[in-house]
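Trainee: Kindly generate the corresponding structure for this input.
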Amino acid sequence: MAVPLPNSSAWFVYLVRCQDGTLYCGIAKDLARRLAEHNSADKGAKYTRGRRPVQLVYAEEVDSRAKATQREGRIKRMTREQKMGLIRLRAEG
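Mentor: Numbers count the residues shown, from 1 in each chain. This is a model prediction of the structure:
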């Protein structure tokens, strides 16, 4: 999946697939930078550090940090199958 280009006010909610097949959900203002951090030696989320490399599989743009945080919470409460459905929908559309 290509990294969407941000506009100045956009926030992104994203899912990455880790090397072990698990999914990690997060938010970022600069998605390309955040993905690079996830795959770097000294940065990224604690969860992804031992599961590198990660690959972007889903991204959704929202217009505020508050909305990104709310959406992240909803996605984190989804089952794995529901998350895979999001990924499939994005790939098809």
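Trainee: Extract the C-alpha trace of the lowest-mean-pLDDT helix or strand in the chain and format it as PDB.
Mentor: Using mean pLDDT, DSSP states H and E, helix 46-49 stands out as the lowest-scoring helix or strand of the chain, at a mean of 89. C-alpha atoms of helix 46-49 as PDB (Å, rounded to 0.1, in the frame of the first residue of the first chain):
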ATOM      1  CA  LYS A  46       7.400  -1.000  21.900                       C
ATOM      2  CA  TYR A  47       5.000  -3.600  20.400                       C
ATOM      3  CA  THR A  48       6.600  -3.400  16.900                       C
ATOM      4  CA  ARG A  49      10.200  -3.200  18.000                       C
END
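Trainee: mind checking the SS state of the nearest residue to His38 once chain neighbours are set aside?
Mentor: Distances taken as CB to CB, 6 or more residues apart in numbering place Gly44 nearest to His38, at 3.9 Å, with adjacent residues excluded. To be clear about C-beta, it is placed using only N, CA and C from the backbone, and glycine gets the same treatment. Under DSSP: H, G, I helix; E, B strand; the rest coil, the three-state class of Gly44 is coil.
Trainee: just checking, next helix/strand downstream of the least confident helix or strand of the chain?
Mentor: strand 55-62 (DSSP states H and E).
Trainee: Show me the beta-bridge partners of the residue nearest in space to the middle of the chain.
Mentor: For the chain, the residue sitting closest to the mean C-alpha position, by CA atoms, centre = their mean, is Tyr14 at 2.1 Å. Under DSSP bridges, the beta-bridge partners of Tyr14 are Gly26, Ala59.
Trainee: Looks like it contacts Glu60 (just checking).
Mentor: Yes. Counting by CB atoms under 8 Å, Glu60 is a contact partner of Tyr14 at 7.4 Å.
Trainee: Thanks a lot, catch you later.
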